[in-house]
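In: Structure of the sequence below:
(2 chains)
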2 protein chains.
Amino acid sequence: MIAEELAKKQREISIAEFFEKNKHVLGYSNPSKSLITCVKEAVENSIDACEDANILPDIFLKIDRNDNLKVTVEDNGPGIVKEQISRIFGKLLYGSRFHAIRQSRGQQGIGISGAVLYAQLTTGKPAVIISKTSPDKKAQRIELYINTRKNEPEIVKEEFVDWHRARGTRVELEVSGIYVKERKQSVLEYLKETSVVNPHTKITFIDTEGDIFEFKRVSEELPQATREIKPHPHGIELGTLMAMLRQTDSKDLKSFLKDEFVRVGDKIAQDVIERAGLDRKQNPGKLSREEVIGLLKAFKNTDFLPPPTDCLSPIGESLIMKSLMAEYRGEWVYAVTRKPKVYSGHPFLVEAGIVYGGEIASEKMTLLRYANKIPLLYQQGGCAITRAVESVNWRNYGMQQSKGELPVCPAVLMVHIASTNVPYTSESKEAVSYIPEIADEIRLALQELGRKLKEYVERKERLKKKRKKEDVLSAVLPLLARKVCQILEKDEIDVDRIVAKIIGKVHIERLVSENDEYREVNLKISNFTNSRKELKIYEICSGEVEASDAKIIQSSYSTLKWNVTINPEDTATLLYRIKGKIINKKPMIEGVEEFELAGGEVTEMNS
Amino acid sequence: MIAEELAKKQREISIAEFFEKNKHVLGYSNPSKSLITCVKEAVENSIDACEDANILPDIFLKIDRNDNLKVTVEDNGPGIVKEQISRIFGKLLYGSRFHAIRQSRGQQGIGISGAVLYAQLTTGKPAVIISKTSPDKKAQRIELYINTRKNEPEIVKEEFVDWHRARGTRVELEVSGIYVKERKQSVLEYLKETSVVNPHTKITFIDTEGDIFEFKRVSEELPQATREIKPHPHGIELGTLMAMLRQTDSKDLKSFLKDEFVRVGDKIAQDVIERAGLDRKQNPGKLSREEVIGLLKAFKNTDFLPPPTDCLSPIGESLIMKSLMAEYRGEWVYAVTRKPKVYSGHPFLVEAGIVYGGEIASEKMTLLRYANKIPLLYQQGGCAITRAVESVNWRNYGMQQSKGELPVCPAVLMVHIASTNVPYTSESKEAVSYIPEIADEIRLALQELGRKLKEYVERKERLKKKRKKEDVLSAVLPLLARKVCQILEKDEIDVDRIVAKIIGKVHIERLVSENDEYREVNLKISNFTNSRKELKIYEICSGEVEASDAKIIQSSYSTLKWNVTINPEDTATLLYRIKGKIINKKPMIEGVEEFELAGGEVTEMNS
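Out: Predicted coordinates for the structure are as follows:
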């Protein structure tokens, strides 16, 4: 019997065996990448632990070269109690963040134990963990392997040791790997990109040659702690809902809805139950499959508030702009943080920023991808973020773009997805899966960036053209005027106002007439632009001044201030008398831009 | 104590829970892709089962639309014994192929149980499995769910039923999904591409509208069955070696090496042991870490035969060429199957084929990716195959290519990786990880294709140019000759030979003079090319012939055959006498190509 023969070969596979054989899925596919993955897993674990305990992270990383590479990562986090150390480091699919609905770097319970697995697989050395949970206690030191057949920790040695830190955790892994320095995909680049979006984190790194790199703490403020929430009714799957109904402690349907979901209050719960044609007193565990399907339909047809945002921790528009500008020295920057949305019951939000021009080369746009504040260095081609960026028609925003590729433009684009469950394409967290809801949000964010960039570039172009025209006119017209005056044998005239009229500017002129007692000053303001202008005019004077229609602000000087609105083609005249001096060389104006003013000086008094 | 608080949240995660939350990792990220993934998993399981049992696969697929989509897949395989059905379909990480070193479609023990998980998650419906292992028995019918908390099957119903097949398995899954017809990524496309590389498989598909698609069996031969092998010493990891040493039944080191590895015989085992400075009698389980490292180094410094190829099942050059030509109707095709290599102890081989011109549009080259005879439809951007193709400098082979992109060329390129362990980037088997050894092999295969294609295209170009020149000369020269003759008042002359001389061809002329008894035939062959020609000349005659220097082959006709070698600029003359007729209109020549011959006819007599 063939079937019986074949049956004999069937066996259970332990998850540790699975990842031992498929270690590339965890990011261990070549020596340099494997090293980065080890560093990533340990560093992200450390930052998460600190943030969980409301501690400003202070991370120490060292890579030593012996026969292999030894990676040491130390943090000032809360430490780990002894019973948990072996499981957290020595068992795959074990952790605190998988079942919690809130944004965190770790979410799978595979990361650091995967690194331990890689270490023992490639060098046969156990992981060494030191952890201390209180300044009064000694530190626990544990050496362990993972028993891959059972997916259980195997402790080689355990002891108490003295350790200089008050609290914290240290992990040492000896791994096969290659340390590269100068490359887009490197430990240094990973640390740099991590530091950019985690300004509250200090990272000290000593490389294989003993060189020290410090990524300083720029902000003393922890990002607001994320709060764990319950599932949101939108996007929940039937199977998940059925499981929740079976496992709830709630006695009736109404309290089940109120207790187990976020954004479901008394009234909404009643609405949903009525819409589903059910009874509020029904036992949740006893609903038939058809009734559950009805409940799910009622969810879909009900408007709930979007999920609370405090389960998510965005980077924020201003920080994105600051980081991009500082790092890439462009001439213009913009960022947008979109409102949270839901996919399959998981809240998420998209942020994007773009920095343009300046020192950035005009080639294919550089794309920086982040998920839950983790930089994604690999798999750019296989990432839904890339696909979304490429699917935008950037030609609409004035850029060159081959269909389905990144546009050519002197810009760096940054996209961040924050979610309670980032849909990574694999356990290695290198790329994000294509989820329609997320892709839509990315596209909307990018379109906003695109529009703003286009506005900026077009304005810049317009200004450039206009200035060119003005430069020519400003050079030619006075010459022309002089020539005409010579021919007509008249005195030369001041052509400033005429040039302003031709070019279309606001022109201001200060005419002073003097008598024995005072000087009478006449400000003549003409609006030659084609838009109505609301202007503030200032004159700063010493000595006595008199002006019937101006507000006078006294300090060591008297500042005169007028508010005037002038329609296109109109002219306004302001008058004052002065016994003393006018301090400002030209009249000062607020409400126009430099390029559209002649005869005065643009100011931002904010008074 | 923060650490104690945090410890309370630590929990074990079941692999089924893990994939329920991360179902996109298994390929369930959007409705149309999810449907394809369900179909893929079931169909590949079926083909694997048939091949394991040496049965020509006959697969039946039906997709019905009710509230959801119902996917039914049936095969004529060996069937599954009752005790295994629930585990194979109702438990993740369970299967027969994970621990076996040989090429198969399934390798993870996740595929079909993942589809069951997706079905229950989205529609709440159990999977229905019918299986029959012998014509004499009734079929077993089982309805089951997966208990995700425990990752164990939960049988809802089991019974014996009558079923029309002698043997086989049928699975029914009701899933959320979208069925699309006309798209590159569709069920139909998947079946088409599967059928192309599995000519021994018959697939019948009935779609949601009742339309029937048949993918016929083109070959009655099963591909040679793959044989399970032991690990190869090259590329094995330290950790794996240590685990093997601990777990072996062998009593001493030498027999361990001979028993547990492929390509290690008596002499080689002794060599390795000596090189490692160890003793053949040592107990494998008692080796120290340092001794194991020494053993591994000895492996690396020893030449072993490459792994046997019968654990792999390539498609083969001729089948690749046939399929590509049939499917894409090009004008030229080439394929290469490279020798097996090893990465991390896993044997693999790379095959590649290219079809060019003809009906193929000249745009970006189309790339078809296969792994273990499975078409890869998604994640092209994130696949090492794509990266390898893009990293080749196709401009060397005369194509247009933007740096790091697919070349522009009217061609379809196909790459197949066959391995005992394909390094997929994730459990969804959509893309292959970047493994340097594999990338190198792909590049070597592509370079061969590139060279061959370049040769073809250049020859085509040369011919085109030459023909153009010839066409002009052949048209002008006779006119010129006639005109000259008219002017000189001479008779018109035959210019064939002169044209051949100018163009640089081989020219052959048959001059016949007659008397009462026989005809004397004079073949005058001039080599106006610039290379030495080894020619075979044939004349086919009826009646009596006489030729002193020709071989005469008698059948119903007499075929005269001469071998002549003519240097450039030389002329040879062949003579024969005949009483009868010459059958062939012009003299026939082997050893030149059409375009370089005038006055004769190119032949391939192979005599």
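
In: Could you verify my assumption that A:Ala100 touches A:Glu228?
Out: Yes: using CB atoms under 8 Å, A:Ala100 makes contact with A:Glu228 at a distance of 4.9 Å. Backbone N, C-alpha and C define where each C-beta goes, glycine included.

In: Look at the two and report which has more neighbours.
Out: With neighbours defined as other CB atoms under 10 Å in any protein chain shown, A:Ala100 and A:Glu228 compare such that A:Ala100 has more, 17 against 14.

In: measure that one to chain B for me?
Out: 7 Å (CB to the nearest CB, to the nearest Å).

In: Tell me the confidence at that residue?
Out: Among the per-residue scores, A:Ala100 shows a pLDDT of 80.

In: Give me the distance between the two termini of stretch A:88-102.
Out: 19 Å (CA to CA, to the nearest Å).

In: Name the residues of it that are buried.
Out: Neighbour-count burial for stretch A:88-102, counted by 16 or more other CB atoms under 10 Å in any protein chain shown, picks out A:88-98, A:100-102.

In: Among those residues, which one lies nearest to B:Glu274?
Out: Each of these was scored against B:Glu274 by CB to CB, and A:Gly90 proved nearest at 37.1 Å.

In: Confirm for me that A:Met65 is in contact with A:Tyr179.
Out: For residue A:65 the amino acid is Arg, not Met. Yes: with contact defined as CB under 8 Å, A:Arg65 reaches A:Tyr179; the gap is 7.2 Å.

In: These two - which one has more neighbours?
Out: Under the neighbour definition other CB under 10 Å, A:Arg65 and A:Tyr179 were set side by side, and A:Tyr179 has more, 20 against 12.

In: Identify the residue spatially nearest to whichever residue of the stretch 201-350 of chain A sits closest to chain B, adjacent ones excluded.
Out: When scored by CB to the nearest CB, the stretch 201-350 of chain A has A:Gly239 as its residue closest to chain B, at 3.4 Å. Computed as CB to CB, 6 or more residues apart in numbering or on different chains, the closest residue to A:Gly239 that is not its neighbour in sequence is B:Leu121, at 3.4 Å.

In: for chain A, what's the longest strand?
Out: Ordering each strand of chain A by length in residues (DSSP state E) puts strand A:533-546 first.

In: Which strands and helices lie in contact with that strand?
Out: The criterion is 3 or more CB pairs under 8 Å, 6 or more residues apart in numbering or on different chains; DSSP states H and E, and the helices and strands that strand A:533-546 contacts are strand A:506-514, strand A:519-527, strand A:558-566, strand A:571-582, strand A:588-590.

In: Would you mind getting the angle between that strand and strand A:506-514?
Out: In this structure, strand A:533-546 runs at an angle of 10 degrees to strand A:506-514, with axes from the mean of the first three to the mean of the last three CA atoms, to 10 degrees as the basis.

In: Would you mark the buried spots in strand A:533-546?
Out: Of the residues in strand A:533-546, those buried under the neighbour-count criterion (16+ other CB under 10 Å) are A:533, A:535-541, A:545.

In: that older thread, next, check the buried residues of stretch A:88-102 against the strands and list the overlap.
Out: Among the buried residues of stretch A:88-102, DSSP E puts A:94-95 in strands.

In: what's the offset of stretch A:262-279 from the middle of its chain?
Out: Using CA atoms, centre = their mean, to the nearest Å, we find the averaged C-alpha position of stretch A:262-279 to lie 37 Å away from the chain's own average C-alpha position.

In: who's in contact with it?
Out: Surrounding stretch A:262-279, the residues in contact under the criterion CB atoms under 8 Å, 6 or more residues apart in numbering or on different chains are A:229-233, A:253-254, A:257-258, A:280, A:287, A:291, A:294-295, A:297-299, A:301-302, A:304-308.

In: Give me the buried subset of these.
Out: Burial of these was assessed by neighbour count (16+ other CB under 10 Å); the buried members are A:229-233, A:253-254, A:257-258, A:287, A:291, A:294-295, A:298-299, A:302, A:304, A:306-307.

In: show me the contacts for A:Lys82.
Out: Under the criterion of CB under 8 Å, 6+ apart, the contact list for A:Lys82 reads A:131, A:140, A:142.

In: Out of the residues you listed, which is nearest to chain B?
Out: For chain B, the nearest member of the contacts of A:Lys82 is A:Ser131. The distance, counting by CB to the nearest CB, is 8.2 Å.

In: part of a strand, is that closest one?
Out: Yes: checked against DSSP: H, G, I helix; E, B strand; the rest coil, A:Ser131 lies within a strand.

In: Run through the residues that contact it.
Out: A:79-80, A:82, A:85, A:139-140, A:168-170.

In: do the same with A:Val73
Out: Taking CB under 8 Å, 6+ apart as the contact definition, A:Val73 lies against A:39, A:42-43, A:46, A:59-61, A:170-171.

In: and with 10 Å instead?
Out: When the contact criterion is CB atoms under 10 Å, 6 or more residues apart in numbering or on different chains, the partners of A:Val73 are A:38-39, A:41-46, A:59-63, A:112, A:115, A:169-173, A:203, A:205.

In: Not counting sequence-adjacent ones, nearest residue to the most centrally placed residue in chain A?
Out: For chain A, A:Ile315 is the residue whose C-alpha lies nearest the centre (CA atoms, centre = their mean; 4.3 Å). Closest residue in space to A:Ile315, ignoring its immediate chain neighbours: A:Val197 at 5.1 Å, by CB to CB, 6+ apart.

In: List the contacts of the residue of the stretch 201-350 of chain A closest to chain B.
Out: When the contact criterion is CB under 10 Å, 6+ apart, the partners of A:Gly239 are A:292, B:20, B:117-125, B:145-146, B:148.

In: And A:Ile435, by the same measure?
Out: Applying CB under 10 Å, 6+ apart, the residues contacting A:Ile435 are A:343-344, A:346, A:348, A:384, A:417, A:419, A:422-423, A:441, B:24, B:29-30.

In: Do you know the pLDDT at A:Met1?
Out: For A:Met1, the predicted pLDDT is 61.

In: who in the stretch 201-350 of chain A is up against chain B?
Out: For the stretch 201-350 of chain A, the contact set with chain B under CB under 10 Å from any CB of the partner chain comprises A:228, A:237-243, A:247, A:289-290, A:292-293, A:296, A:343-346.

In: do the stretch 401-550 of chain A as well
Out: Selection of the stretch 401-550 of chain A residues close to chain B by CB under 10 Å from any CB yields A:402-405, A:421-428, A:430-437, A:439.

In: Identify the bridge partners of A:Asp64.
Out: According to DSSP bridges, the residues that bridge with A:Asp64 are A:Lys70.

In: go on, A:Ile206?
Out: According to DSSP bridges, beta-bridge pairing links A:Ile206 with A:Lys62, A:Ile212.

In: How many neighbouring residues does it have?
Out: The number of residues packed near A:Ile206 is 15, by other CB under 10 Å.

In: now for the host helix or strand of A:Phe60, which elements pack on it?
Out: Using DSSP states H and E, A:Phe60 sits in strand A:58-65. Counting contacts by 3 or more CB pairs under 10 Å, 6 or more residues apart in numbering or on different chains; DSSP states H and E, the secondary-structure elements packed against strand A:58-65 are helix A:31-52, strand A:69-75, strand A:168-175, helix A:187-197, strand A:202-206, strand A:212-215.

In: Nearest to B:Lys561, out of these?
Out: Using CB to CB as the criterion, the shortest distance between B:Lys561 and the helices and strands packed on strand A:58-65 is 63.8 Å, found for helix A:31-52.
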